[in-house]
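Trainee: I would like the atomic coordinates for the input below:
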Amino acid sequence: MKMHLHFIAIGGSAMHSLALGMQRLGHKVTGSDDTLFDPSKKNLETAGLLPEEFGWFPEKITLQIDVVILGMHAKKDNPELLKAQKLGLKIQSYPEFLASRSQDKTRVVIAGSHGKTTITSMILHVLQYHDIETDFMVGAPLANRKETLSISEENDFILLEGDEYLSSPIDLQPKFLWYQPEIALISGIAWDHVNVFPTLDSYVQQFDSFIYSIQAGGVLIYNAEDEVLSNLVEGHSHPIKKIPYRTPVHFINKGTTYLETTEGSLPLSVFGEHNLLNLSGAQWISQLMGLDASGFYEAIPSFTGASKRLELLAKGDTGLLFKDFAHAPSKVKATAKAVKKQFLEHRIMLCLELHTYSSLDPNFIAQYAHTLDHADEALIFYDPEALRIKNREPIATERILQAFALPTLKVFTDGKALSDYVLQKEYSKAVLVMMSSGSFGGLDWTALKTRVLEF
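Mentor: So this is what the prediction gives:
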């Protein structure tokens with residue numbers, strides 16, 4: 001049955017992808033948002049779904065709408081939401097809607113505080129390499145396809161990146177609890193989203209609930225090297241099969257990481273022990289989705305990574321520039337360690353933007369202690385405007401230095417000053433890694449790439 005779907009906050013990464021996917025299946029799609037940025041804006045415009053005006057328009061909400069899909073960007077007092085509630089319309093978050101669309105499919109969910117986008121992308125890469133079709137929802141674009149979501153009527157599996165954050169402003173349970181998978185993976189647990197989960201225990205509790213949400217008799221693949229996760233899984237009473245995974249045997253030779261397999265040494269395009277762990281988990285899931293080890297090993301060397309996950313932006317004769325989505329302490333530490341180990345003969349320069357609610361929380365920031373110790377030079381940037389928007393007081397430089405336990409740390413609060421600094425540096429036999437989910441105060445990436453390519 002074809003439906004009329006209206007998206008409140010249609011410009012979000014997941015929301016606009018779902019809107020496009022539903023339009024492709026022949027449903028009528030409308031939407032609203034108060035602000036839109038590329039690539040969402042361009043993608044919606046190309047599909048004819050870009051709202052004519054920015055803002056919220058209650059008159060768009062009528063009894064002809066079958067489902068209102070509510071994005072996290074909207075507020076509880078959103079005028080369109082209030083109108084939908086008044087009319088008694090069906091209102092769903094996007095994970096609830098996705099769950100309702102996949103009841104007849106085998107649901108595979110990749111969860112965890114870190115690595116879930118990369119693991120999901122690895123699985124999609126090897127399946128696509130072998131022309132195995134599956135429905136999916138992933139957090140970042142793949143190298144050779146722009147869609148982050150694909151839904152069909154015919155595919156047997158749906159592969160979902162499972163987020164522990166809230167589903168919507170009026171649906172305060174984690175997104176991943178909607179999916180109730182037959183097959184699941186948890187990559188690790190490292191306290192995050194302190195604005196929602198104020199203690200480590202409250203955060204771990206969400207993963208406990210996720211394990212209970214797995215179908216009885218289902219399978220859970222888990223990272224056995226994560227102590228918090230292992231303790232949770234191994235002591236769990238839910239009747240499911242539990243399969244641990246660990247870092248596979250590997251070695252590094254002349255800047256390339258090789259995976260040791262029964263079929264010989266495989267050169268990889270990605271590096272770092274965290275990515276090798278991701279690969280190990282991805283192999284298990286791929287196997288459960290019908291791809292044997294030989295097929296996985298044939299495909300994985302050509303996987304270059306998910307967008308913004310240790311993404312190589314520029315490579316000169318000896319200089320390299322990477323962009324990484326890392327922002328949580330565990331992610332920052334894993335990236336720093338991986339880069340140092342991979343490029344032992346290079347000078348390592350790491351720049352981290354404090355951008356999320358957690359990273360800008362004065363009480364949480366101590367979790368970053370020693371995360372940048374592998375750097376030869378470490379920089380921190382935060383935008384005071386981001387603090388103002390989040391109703392936070394400025395963080396003293398001394399507090400940041402104390403939190404990171406790194407006296408040589410340089411702290412910037414002005415985007416131009418940061419830009420000037422990194423653009424005047426020399427990158428001969430050097431690696432620069434820019435880590436953030438933000439924009440570093442409007443950094444000129446073209447100029448920075450040009451600078452690194454000089455060396």
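Trainee: which intervals of the stretch 351-455 of the chain have sub-threshold pLDDT?
Mentor: Scanning the stretch 351-455 of the chain for pLDDT under 70 picks out 357, 386, 389-391.
Trainee: and the strands in it, which stretches?
Mentor: For the stretch 351-455 of the chain, the strands defined by DSSP state E, counting those that start in this stretch occupy 377-381, 410-412, 430-435.
Trainee: output the last one as PDB, nothing but the C-alphas.
Mentor: Provided in PDB are the C-alpha atoms of strand 430-435 (Å, rounded to 0.1, in the frame of the first residue of the first chain):
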ATOM      1  CA  ALA A 430      54.700  14.200   8.800                       C
ATOM      2  CA  VAL A 431      51.100  13.000   9.300                       C
ATOM      3  CA  LEU A 432      48.300  15.500  10.200                       C
ATOM      4  CA  VAL A 433      45.100  14.000  11.500                       C
ATOM      5  CA  MET A 434      42.100  16.400  11.900                       C
ATOM      6  CA  MET A 435      39.600  14.700  14.300                       C
END
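Trainee: tell me the angle of that strand relative to strand 377-381?
Mentor: Strand 430-435 runs at 30 degrees relative to strand 377-381, counting by axes from the mean of the first three to the mean of the last three Cα atoms, to 10 degrees.
Trainee: which other helices and strands does strand 430-435 contact?
Mentor: strand 320-324, helix 329-342, strand 347-353, helix 445-453 (3 or more Cβ pairs under 8 Å, 6 or more residues apart in numbering; DSSP states H and E). C-betas here are computed from N, CA, C, even on glycine.
Trainee: and if you look at the first one?
Mentor: Counting contacts by 3+ Cβ pairs under 8 Å, 6+ apart, the secondary-structure elements packed against strand 377-381 are strand 347-353, helix 397-404, strand 410-412, helix 415-424.
Trainee: neighbouring strands for it, and are they parallel or not?
Mentor: Using DSSP bridges, strand 377-381 pairs in its sheet with strand 347-353 (parallel), strand 410-412 (parallel).
Trainee: and the protein, split by domain according to the record?
Mentor: Annotated domains of the chain cover 4-94, 102-302, 311-453 [automatic domain parsing].
Trainee: could you dump those into TSV with mean neighbour count added?
Mentor: Below are the domains of the chain laid out as TSV (neighbours: other Cβ atoms under 10 Å):
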stretch	mean neighbour count
domain 4-94	18
domain 102-302	19
domain 311-453	18
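Trainee: what about the helices in this protein?
Mentor: 13-24, 40-46, 79-87, 94-101, 116-129, 200-213, 227-234, 273-288, 293-299, 329-342, 384-389, 397-404, 415-424, 445-453 (DSSP state H).
Trainee: right, and these - which one's nearest residue 430?
Mentor: Closest of those to residue 430 is helix 445-453, at 8.3 Å (criterion: Cβ to Cβ).
Trainee: okay, residue 406 and residue 43: tell me how far apart.
Mentor: When distance is defined by Cβ to Cβ, to the nearest Å, residue 406 is 40 Å away from residue 43.
Trainee: residue 349 reaches residue 379, doesn't it?
Mentor: Yes - Residue 349 is within contact range of residue 379, at 7.4 Å (criterion: Cβ atoms under 8 Å).
Trainee: what's the end-to-end length of stretch 175-189?
Mentor: End-to-end span of stretch 175-189 (Cα to Cα, to the nearest Å): 16 Å.
Trainee: I misspoke; the intended subject was stretch 158-178.
Mentor: For stretch 158-178, the end-to-end distance is 14 Å (Cα to Cα).
Trainee: look up phi and psi at the closest residue to residue 169 other than its chain neighbours.
Mentor: Of all residues not flanking residue 169 in the chain, residue 76 sits nearest, at 4.7 Å (Cβ to Cβ, 6 or more residues apart in numbering). Backbone geometry at residue 76, expressed as degrees, to the nearest 10, gives phi -60, psi -20.
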